[in-house]
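Trainee: Below: sequence and its predicted model.
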Amino acid sequence: MVYHTVKRLKETLVVIQQLEKKMSNLRTWLAQIESELSKPVIYSICNDQEIHRKLTEQQDIQKDIELHSTGVASVLNICERLLHDTDSCPNETERDSIQQTTRSLDKRWRNICTMSMERRLRIEETWRLWQKFLEDYTRFEEWLQEAEAMAAAPDSSDVLYTKAKEEQKRFEAFQRQIHERLTHLELINKQYRRLARENRTDAASKLKLMVHDGNQRWDQLQKRVSSILRRLKHFTSQREEFEGSRDNILVWLTEIDLQLTNVEHFSESDIDDKMQRLAEFQQEITLKADKVDQLIDLGEQLIQKSEAFDAVNIEDELEELNRYYQEVFGRVSRFHQRLTNRDRQLEEERETSENDTDAEDSRELQNSSWHSTMHDVNTSHQSICHLIPPTLPHERSGRETPVSVDSIPLEWDPTVDVGGSSMHENEDEGTYYNALSDVEITENPEAYVIMTTKTVQASSGRHLPSMSTWHSDKNGSTRRHEYEHGIRKGLLSATAETNAPSVIQIYFITKNIHIYFFLSGVIERWEIFQARSLSSELRAKQNQQRWQQLTSDLRNITLWLDTTESDLHGVRELTPASTLQELEQKARRLKDILRSFDNYKALVISANLSSKEFQQDEDSASRDALSRLHDVNTRWDQACCSRDEWRESLQSELIDCKEFHNTCDQLVLWLTEAEARRVKFRVAGQCTDPQILLESQKQLMQLKDQLLERQIKVNALRDLTACLLVKTSGDVYIEVEEKAHVIGNKANQLMKDVSDDLKSVQEALVRSFAVSLRRVCSDFSLQFGDRVVLAEYTAGSPKWDRPNQPSFFYRVLRAAFPLQLFLLLLLLLACMIPFSEDDFSCTQANNFARSFYPMLRYMNGPPPT
């Protein structure tokens, strides 16, 4: 008994010594491997060879870890045996010491496995980020080269104005394209900042130089394009300024020309008023002389700077403007001279008429009326002749003015039918206009007015005022002005009491009278008034629709806010989640609330934008709507704050959830073990043993099923972290998010590797089956002497090589082909036979010689000749 006890104690002592020795070696190795894994990965150059080198180093470290796995397992087994041995652990102190050592070793071992896997995944992720960065930068650099080539040869100097405008438009579009490419450059900079922040850049600073070069080249390109655009805009703006000033002066000259025509031919004022208006015209022309000189100087500068074609055009425009200016100024001078001469002639005629009055008093009474009438007619004829300017040969200015001396006749047109040019609504109006159409058109305007008045009096049956006023001592021009003034007053009252068709009728009736411009102004004012009324009605309808939409949006937002506030208040009062399932339910609820916030955000923005149109209104409805909108905005901000606070509380619950961290650690360990199992059961390329292949296929299928089961947990973890840890700051949140990201990537990569291994195992099984079948067939042929045809193995799948015999349907079709051809010929021959004897008639024959001239057949006999 004592012997066995001593022996057992000696064995225990040996085990303890071995444990201490292994623990000492294991501690040294653990410290070394931990320091190695904790060092950051430093890349010398950014290329795939550096990534392969780092992956090879990491693979060596992983092999070293796998080699020491047996030693760690043996140490843990020894510790477990010592814990169950009462002789080696007689008291609780030693037992606690061994348990603490075991837990420390197990924790460090798990940590090393996790760090090794994360290190390898980090290297692979770095390579993917590098590839993405290099692809984006390559595309950006290609565009940058094309853009630099385009900006290097601009067509911006010594060009025509039209070409400069086209070039300006092209470079403006090019500048917009450059600004759009800024987002691409910002994406590249953002990728580089992430690489630099996560210490994924190379020691040779290749990535840094690429980003710096891209930014610098984009800045230089943008500056060059801006300078080209400034040069083009300066050139075109000078020409546009010249054109604008020239157009303004031409408009002003046209207005002066029209006003001068109105004063000269259509004004009712006397000579003094016309002289005053002419003085105003001369003063205005004098004030505009400086602007005309400045325009001429600007034109001369442009002529010196522009190309030959543009210079010729500018010179022609300046000459045209100068001719028109001289023409208007000459008209003012001639009219001033004519008015001065006319004033002198009127004074002489007044003195002559006073001397002739005394001589006419001694004549007989029965002859006095005839002589006075003839004298008045002659006087009126002379007065009208004074209004007609002398026929001077004017040169055409090259620019047609709206009203000029050459285009307005001073006597009425005797060829227009006044009464028959309008539509009549009833018989009375028709009688009236038919009576007017019977008026005799005379060459004298006064006689025309007298005949028209008499005809109107006869047709209407009403006694018009006496026409003796037309034969008074007044001259013809004064009587004509009074007549036109009366017609203007009548038209004003008619315009106020009638609608648009009546105004248009009046316009067509009086279009041959000198009040044409007055009527056109009345019609234009009526059209403007009608357009304004239509636009105001349309604007009122649009405002009503916007008002209804704003009210509906506010009502919908208010109802949604009531529901959302109650939901947020309810979830805030819930107890903190202690399990992962409760966290997932809260995360799904948060996702629904966030989705509803995104849906109603557009409505809130639309309501705020629509309210700007009603801020100027002072009615109670607008004030009520604005106050409701203010309440909605306040409640929206409060709801957003409550939502963010709830998300932060959920983030804290996630960080404090032990089940979440345990699940992550278990998944990391299981993925590590699954990776080791995959490597263990992976089949070599030349293996053909069916038993090994079937066993490998079985194990890999089991591993794939287990991966599919774990994939549900992995997806749940990723969704949970993506929902709760978005746009957060802090090392704890970043660490948790990276852990979930690493687990997801590792699971996906492992699933892909297992699928590839299964595919390779299945291909090896197919090859093994083909080899076995070929061996059996060869043995069978050797024994019985039969010929066995085996299929060659192509595309990874065996097939029996059957003789290439045609199918039954193909053989029947080939045998029946002559018969089918014969039947087809018979059918064609039957189609060529005519159906009746009429088809042989020569009337329808059209041989080749006459095929270009189709023959005709008369159905009712030949036509008469």
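Mentor: Right, received. Where do you want to start?

Trainee: Could you report the neighbour count for Q175?
Mentor: 17 (other CB atoms under 10 Å). Yep, even glycine has a C-beta here, placed from its N, CA and C like the rest.

Trainee: a strand runs through it, doesn't it?
Mentor: No: if the criterion is DSSP: H, G, I helix; E, B strand; the rest coil, then Q175 is helix and not within a strand.

Trainee: From what I see, it and I228 are in contact.
Mentor: No: in this structure Q175 lies outside contact range of I228 using CB atoms under 8 Å: 9.1 Å.

Trainee: where do the contact lists of the two overlap?
Mentor: With contacts taken as CB atoms under 8 Å, 6 or more residues apart in numbering, Q175 and I228 have no neighbour in common.

Trainee: Show the average pLDDT along the helix or strand in which V812 is found.
Mentor: Per DSSP states H and E: V812 is located in helix 808-832. Over the span of helix 808-832, the pLDDT mean works out to 80.

Trainee: next one: stretch 17-24
Mentor: The model assigns stretch 17-24 a mean pLDDT of 77.

Trainee: Let's see that stretch as CSV, backbone CA atoms only.
Mentor: Extracted C-alpha coordinates of stretch 17-24, given in CSV (Å, rounded to 0.1, in the frame of the first residue of the first chain):
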residue,chain,number,x,y,z
GLN,A,17,7.8,18.8,-13.1
GLN,A,18,6.7,18.2,-16.7
LEU,A,19,3.9,20.7,-16.2
GLU,A,20,6.3,23.3,-14.8
LYS,A,21,8.7,22.7,-17.7
LYS,A,22,6.0,22.8,-20.3
MET,A,23,4.4,25.9,-18.7
SER,A,24,7.7,27.6,-18.7
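
Trainee: returning to that earlier point: could you list every helix and strand in contact with the helix holding V812?
Mentor: Applying 3 or more CB pairs under 8 Å, 6 or more residues apart in numbering; DSSP states H and E, we find helix 808-832 packed against no helix or strand.

Trainee: For it, buried residues please.
Mentor: Using 16 or more other CB atoms under 10 Å as the burial criterion, none of the residues of helix 808-832 qualify.

Trainee: Check stretch 579-588 too.
Mentor: Those would be L580, E582, L583, E584, K586, A587, for stretch 579-588 by 16+ other CB under 10 Å.

Trainee: Which residues are in contact with the first one?
Mentor: For L580, the set of contacting residues under the criterion of CB under 8 Å, 6+ apart consists of C657, E659, F660, T663, A716, L720.

Trainee: isn't there a strand covering N860?
Mentor: No: looking at N860 with three-state DSSP, it is coil, so not inside a strand.

Trainee: Just the pLDDT for it.
Mentor: So N860 comes in at 71 (pLDDT).

Trainee: tally of neighbours for it?
Mentor: Residues near N860, counting by other CB under 10 Å: 5.

Trainee: cool, R122 as well?
Mentor: Quick note: R122 (other CB under 10 Å) scores 19 neighbours.

Trainee: Equivalent analysis for the one 4 residues further on, please.
Mentor: Counted with other CB under 10 Å, the neighbours of T126 add up to 21.

Trainee: same check, this time on S596
Mentor: Going by other CB under 10 Å, the residues that sit close to S596 add up to 14.

Trainee: surely R246 meets E319?
Mentor: No: with contacts counted by CB under 8 Å, R246 stays clear of E319, the gap being 11.8 Å.

Trainee: which one of the two has more residues nearby?
Mentor: Higher neighbour count among R246 and E319: R246, with 19 against 12, using other CB under 10 Å.

Trainee: Helix or strand for that one, just tell me which one.
Mentor: Going by DSSP H and E, R246 is in helix 206-261.

Trainee: And the next helix or strand past that helix?
Mentor: With DSSP H and E, the next secondary element past helix 206-261 is helix 271-305.

Trainee: What residues of that next one count as buried?
Mentor: K274, R277, L278, F281, I285, K288, V292, L295, L298, G299, L302, I303.

Trainee: what does stretch 191-199 give?
Mentor: Q191, Y192, L195.

Trainee: thinking again about what came up before, and the contacts of L580, which two are the farthest apart?
Mentor: Put simply, by CB to CB the two of the contacts of L580 set farthest apart are C657 and A716, 12.9 Å from each other.

Trainee: returning to that earlier point: nearest to E148, of the contacts of L580?
Mentor: For the contacts of L580, the nearest to E148 is L720 (48.2 Å; CB to CB).

Trainee: Go through the buried residues of stretch 191-199 and flag which are in helices.
Mentor: Q191, Y192, L195 (DSSP state H).

Trainee: my read: the first one touches K132, true?
Mentor: Yes: under the contact definition of CB under 8 Å, Q191 touches K132, with a separation of 6.8 Å.

Trainee: Domain-wise, how is the chain divided?
Mentor: 1-130, 135-151+177-235, 419-526, 536-656, 657-795 (automatic domain parsing).

Trainee: What residue, apart from its backbone neighbours, is nearest F309 spatially?
Mentor: Excluding the flanking residues, the one nearest F309 by CB to CB, 6 or more residues apart in numbering is L160, at 5.9 Å.

Trainee: hmm, back to that, now flag whichever of the buried residues of helix 271-305 is closest to R239.
Mentor: Looking across the buried residues of helix 271-305 and measuring by CB to CB, the closest to R239 is L302, at 6.4 Å.

Trainee: show me what contacts that closest one?
Mentor: L302 neighbours (CB under 8 Å, 6+ apart): Q238, R239, F242, D310, A311, I314.

Trainee: Now for the fifth one, which secondary structure element holds it?
Mentor: Right, A311. helix 308-360.

Trainee: what's near enough to touch the closest residue to L121 other than its chain neighbours?
Mentor: The spatial neighbour of L121 that comes closest, neighbours along the chain excluded (CB to CB, 6+ apart), is V742 at 5.6 Å. Applying CB under 8 Å, 6+ apart, we find V742 in contact with M117, E118, L121.
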